[in-house]
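Asks: This is the structure alone, sequence omitted:
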């Protein structure tokens, strides 16, 4: 049983394959965290529940380790829950009321305020095979008057008595997302957050903690990821008594809301886990969990071509058909038309919101193009941005009240756009209706759902509704409802989440999205850094990667086609270059790489990822994927620059059977047979000779 309760000691014990998570009920009736880490015997931990006292000035040291505490009394740490009752009282005293175990992997701990009828249930959903626990809370107002919720975090994760706490997280910006950072935490708070209305490119709701010594393959790592696609906050707070609290959930910034009598609020899920063997094992646990419990749909990525770079807004049926024919010759399986197919959409200044096919660009609707694409053996996909609107559009002229606005302010325009208030029922219905009509009318297999604008002026015409709930929360919940309903109505359509690149990727939206566009930066060398940071938290099968032009439009860097393809083959392979400009030799080379990708994509999409070398520490980046049955593996290696006099570089592999023999194909028209012990302890030779070189190595177990 993964969940147990020691009645005599009043300790809850959650046991996974390789970890223990313990908390108990102390003498004051509050729920106190005890331990999280490598397995221990829960009964030995009863003494940890004893009261801790420092002085009359720090009389509530125990409250620093509360499993879930409300703001009030002697709690001065980041609160998990903060509320104002109908009579103006802003003090919470949560007491333990009992528990229930409805399934072997599900525990609910019941708390209630000592004076008011406010119930808080702590939910724990255990995944023993992944050493992970999903946590969320429900708050129910049993009072006769409304309760204002100022802050409601999904969970508090506690760590005790490490000699040092090192935080690993990602930061970034547009075209530079998922840059890994580490910080040794001193006393105080480190806040990771988004206030922009979506997950954001500047931080991501994922964290990892170690004692400063963990590496890719060694050391204890505690980690967590929050599933929320709106404003979020994670606070890492080290106390003066050496405790570390990680509090996370929906951001309280401009986020308070009212619970009416009898009403409940359910928080997003905050998933936490423990790894004994470094950051690599941490990532693989998260990847397995996402494949098993989060990600919908297929993991078999079709090779995609997107026509944006070839045509931008100058879309027309004849040019798209010509591109489709050329894409088919190199083995593309999914042809996607990007922006510019609808309304008066000839630039980013007009037409957004008018989701009718442009009759000048497509006189016969989309069916003429779709028929051509299907006849070439490809599926058809299309780009949409349903949450935004141009002021120069029929939709805005008909419904100016549908955008976020304050009545006395002119709304800020970003990218010549305003943002639709998806929290309004009529806007939600409009988006669901036009998407349903689009997918029901046309044979569309793929939707790229973009959002290129942050939330500003989050006002609403109905001020009564605004006071009842947070605009920020309503927008996200309605977005989830729309995606969920579209997936139900059109189960064979795949959805990609995109927001100005990788600004809406988290475990919330990934319950609905098959894949994610992780950055608008498609430079293959920059992408190695972005993709590395991304895979710390998210499964490579989610990650869409494109082959685009050289020199690259963002930085002018020239890279060989081989380097660009190898970088993109580590996730879902897409091609975004203007292939009309490619020579016959380039098209033939591209066709060969597409064929290679199709042979190995089941390994990269379904297998286990091992990060072997990073450009953060070396001039070589390398990743290895091992098939779930262990019979095949593929390695991608990249050299940034050649150093004079450098010795031959060997790359030690991981995840193989030391006794097995593998056929090693390094792409140089010869294969060798080597034992797993040699490959893992001595390694494969990398034949790099020059700058910006890449190599794919394919291994098959033969004995």
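Replies: That came through fine. Keep in mind the model is a prediction, meaning the values are calculated, not measured.
Asks: Look up how far residue 69 lies from the closest residue to residue 109 other than its chain neighbours.
Replies: In this structure, residue 109 finds its nearest non-sequential neighbour in residue 122, 4.3 Å apart by Cβ to Cβ, 6 or more residues apart in numbering. The C-beta positions use only the backbone N, C-alpha and C, and glycine is treated the same way. Counting by Cβ to Cβ, to the nearest Å, the separation of residue 122 from residue 69 is 11 Å.
Asks: Compare those two (neighbour count), which wins?
Replies: Each of residue 122 and residue 69 has its neighbours counted (other Cβ atoms under 10 Å); residue 69 has more, 28 against 23.
Asks: hang on, isn't that one packed against residue 28?
Replies: No. At 11.6 Å, residue 69 and residue 28 do not qualify as touching, with contact defined as Cβ atoms under 8 Å.
Asks: residues in contact with the helix or strand where the residue nearest to residue 109 lies?
Replies: Residue 122 is part of strand 118-127, with elements assigned from DSSP states H and E. Taking contacts as Cβ atoms under 8 Å, 6 or more residues apart in numbering, the residues outside strand 118-127 that touch it are 2-3, 14, 16, 31, 67-68, 70, 81, 83, 85, 92, 94, 97, 105-112, 132-143, 147, 269, 289, 292-293.
Asks: switch the cut-off to 6 Å
Replies: Counting by Cβ atoms under 6 Å, 6 or more residues apart in numbering, the neighbours of strand 118-127 from elsewhere in the structure are 2, 14, 68, 105-112, 133-140, 289.
Asks: so what does the helix or strand just after it touch, helix or strand wise?
Replies: Next in sequence after strand 118-127, counting helices and strands by DSSP H and E, comes strand 132-141. In terms of contact count using 3 or more Cβ pairs under 6 Å, 6 or more residues apart in numbering; DSSP states H and E, strand 132-141 is assigned the packing partners strand 118-127, strand 147-160, strand 264-266, strand 270-275.
Asks: Please identify the buried residues of strand 132-141?
Replies: Of the residues in strand 132-141, those scored as buried under the neighbour-count criterion (16 or more other Cβ atoms under 10 Å) are 132, 133, 134, 135, 136, 137, 139, 140, 141.
Asks: what angle sits between that strand and strand 147-160?
Replies: Angular relation of strand 132-141 and strand 147-160 on a 0 to 180 degree scale: 150 degrees, by axes from the mean of the first three to the mean of the last three Cα atoms, to 10 degrees.
Asks: Can you report how many residues neighbour the nearest residue to residue 9 once chain neighbours are set aside?
Replies: Spatial nearest neighbour of residue 9, excluding adjacent residues (Cβ to Cβ, 6+ apart): residue 46 at 4.2 Å. For residue 46, the number of neighbouring residues by other Cβ under 10 Å comes to 15.
Asks: same question, residue 657
Replies: By the other Cβ under 10 Å criterion, the neighbourhood of residue 657 contains 15 residues.
Asks: Make sure it is actually in contact with residue 677.
Replies: No. Contact criterion Cβ atoms under 6 Å: residue 657 and residue 677 do not qualify, at 9.0 Å.
Asks: what are the ranges of the helices in the protein?
Replies: With DSSP state H as the definition, the chain shows helices at residue ranges 278-289, 308-311, 317-329, 367-375, 394-398, 425-441, 463-468, 471-489, 524-537, 561-568, 584-606, 676-681.
Asks: helices and strands of this structure: which one bottoms out on pLDDT?
Replies: Of all regular secondary-structure elements in the chain, judged by mean pLDDT, DSSP states H and E, the least confident is helix 463-468 with a mean of 49.
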